[in-house]
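# Pasted the sequence and its predicted model underneath.
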Amino acid sequence: MSEPVFVKKQKRHRTIKVMPLNLAPLIDINANLLFFLIIANSVQEDRLQAGKDIELPPSTSAMAEAGDLVSVVVGMDHISVNELNIDPSPIKGGELVPNALDPKKDNRIISLYTRLTERFQDLVKKGAQPGAKDDDDSNLPVVLIQADKRLPYSTVAKVMRTCGEAGFTKFRFAAKAR
Amino acid sequence: MHRKRHEEKEVDLAALVDILGNMLFFLLATVSFLQLKTLNASVPALSTGPVSTGRAVDVSVEVKAAGLVLKASGEPADTSQKAVAVQMDIARLSDGKLDTKTLTEELWKIKKIAPETKNIMIFPEQAVMFDDVVETMDAAREMPSLVDPNKKVPLFTRPVLSELVTGDEQARDDVK
């Protein structure tokens, strides 16, 4: 029988090498992304802002002009003018609350009419020309209606009628690109 | 000659990466990728100006729960063309959507006869969804070119939205 051979384990001196992480490609990518996002953000200022909590209808329209608009957002449960909600809300579940309407004035939405009239007066002071000719409508104040696609037309029609009575006879409807 | 020894000094980029990372997160959170488009529309307005008595074709589309009703009547400006008299029901498709393709085709026929007409009256029913109204406006505004499908041919670019008055409402208003 052969005798066991005891091998003395050699101690290894492990030296931990810290490999320097090459961050240059990461910074390159980050810088490109930043550049793209900063440009996108600066362009966005001129773009239209979508209202909150609404589902816009899709459209094939290519027009995306913003300009000096009064924005009316009509959601299923709220109406806002220039991002300021009308409180108490004149709309519940897509239907207008009867108390919010003025039956003597062709069912106009009282709170919306008040808010829009104030805005219209401001615009007139700034130089908008109400009653300008139809073909030369560049000076006519325009209202941008962002209406939820699930709303019944009766509600949208009452909003339009109220806008018209407040002086805004030119409309633009917002839609998302199809 | 005395040779200079170049010592490589490493720049600590961790701080820069931190800042870039934070800015990226902030910008990604605030940027909006939703593209908003707009559609022009107007409502019928009272006018004290002179009433046009020239040759014109009036085009209107009623948007109903059952589908679309296209109506067109009048004499085109081109005297060689015959007077237009169209009344056509376009039923909804089997999936409940509006048959906008047929509507566009019929409107194109009218546009060929009366190219000067730009206005179209759209009368949606009260209960019709707003989505259907926008779809009708889209179908009436333009169509793909027959020569180059990537290009659009304008049809009736000035939609005027109004309300469809039913028989009962008409009678009620007459009593007033």
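Good, I have the coordinates.
# Just the buried positions in the lengthiest helix in chain B, please.
In chain B, taking DSSP state H as the definition, the longest helix is helix B:14-30. Residues of helix B:14-30 classed as buried: B:L20, B:L24, B:L27 (neighbour count, 16 or more other Cβ atoms under 10 Å in any protein chain shown). (Each C-beta comes from the backbone N, C-alpha and C, glycine too.)
# My read is that the first one contacts A:I27, right?
What it means is B:L20. Yes - assessed by Cβ atoms under 8 Å, B:L20 is found in contact with A:I27 at 6.8 Å.
# rewinding a little: out of the buried residues of helix B:14-30, which touch chain A?
Among these, the residues that sit close to chain A (Cβ under 8 Å from any Cβ of the partner chain) are B:L20, B:L24, B:L27.
# List the contacts of the second one.
The one in question is B:L24. Counting by Cβ atoms under 8 Å, 6 or more residues apart in numbering or on different chains, B:L24 touches A:N30, A:L33, A:L34, A:L37.
# which residues are in contact with the longest strand along chain A?
Ranked by residue count under DSSP state E, the longest strand found in chain A is strand A:170-177. Contact with strand A:170-177 is made by A:48, A:50-51, A:56-59, A:61, A:69, A:137, A:140-147, A:160, A:163, B:34-43, B:134, B:137, B:161, as judged by Cβ under 8 Å, 6+ apart.
# sorry, back to before: centre of the chain to the helix or strand following the longest helix of chain B, how far?
The helix or strand immediately downstream of helix B:14-30 is strand B:36-42, counting by DSSP states H and E. Its chain's C-alpha centre and that of strand B:36-42 lie 7 Å apart, by Cα atoms, centre = their mean, to the nearest Å.
# Please identify the buried residues of whichever helix or strand comes after strand B:36-42?
On the C-terminal side of strand B:36-42, the closest following helix or strand by DSSP H and E is strand B:57-63. Applying a neighbour-count criterion of 16+ other Cβ under 10 Å, one finds B:V57, B:V59, B:S60, B:V61, B:E62, B:V63 buried in strand B:57-63.
# now swap in stretch A:54-67 and tell me
In stretch A:54-67, counting by 16+ other Cβ under 10 Å, buried: A:I54, A:L56, A:P57, A:P58, A:S59, A:T60, A:S61.
# what sits up against that stretch?
The contact list for stretch A:54-67 (Cβ under 8 Å, 6+ apart) reads A:46-48, A:50, A:73-76, A:142, A:146-150, A:174-178, B:35-40, B:130-131, B:134-135, B:137-138, B:141-142, B:152.
# A:R161 in helix, strand or coil?
helix (DSSP: H, G, I helix; E, B strand; the rest coil).
# Can you give me the distance of it to A:K92?
19 Å (Cβ to Cβ, to the nearest Å).
# between those two, which one's more packed in?
A:R161 (18 against 13; other Cβ atoms under 10 Å in any protein chain shown).
# Kindly provide the distance from the more buried one to A:S154.
10 Å.
# now do A:I79
If you go by Cβ to Cβ, the gap between A:I79 and A:S154 works out to 15 Å.
# re earlier: in JSON lines: the ones next to chain A among the buried residues of helix B:14-30, plus pLDDT.
Output for these, formatted as JSON lines (pLDDT from 0 to 100):
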{"residue": "B:L20", "pLDDT": "87"}
{"residue": "B:L24", "pLDDT": "87"}
{"residue": "B:L27", "pLDDT": "85"}
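# Between these, which sits nearest A:T117?
B:L27 (39.1 Å; Cβ to Cβ).
# Identify the spatial nearest neighbour of that closest one, chain neighbours not counted.
A:L37 (3.8 Å; Cβ to Cβ, 6 or more residues apart in numbering or on different chains).
# quick one: that neighbour and B:V31 touch, right?
Yes - applying Cβ under 8 Å as the test, A:L37 and B:V31 come out as touching, 5.7 Å apart.
# what about these two, which has more around it?
The neighbour count for A:L37 versus B:V31, taken as other Cβ under 10 Å, is higher for A:L37 (17 against 14).
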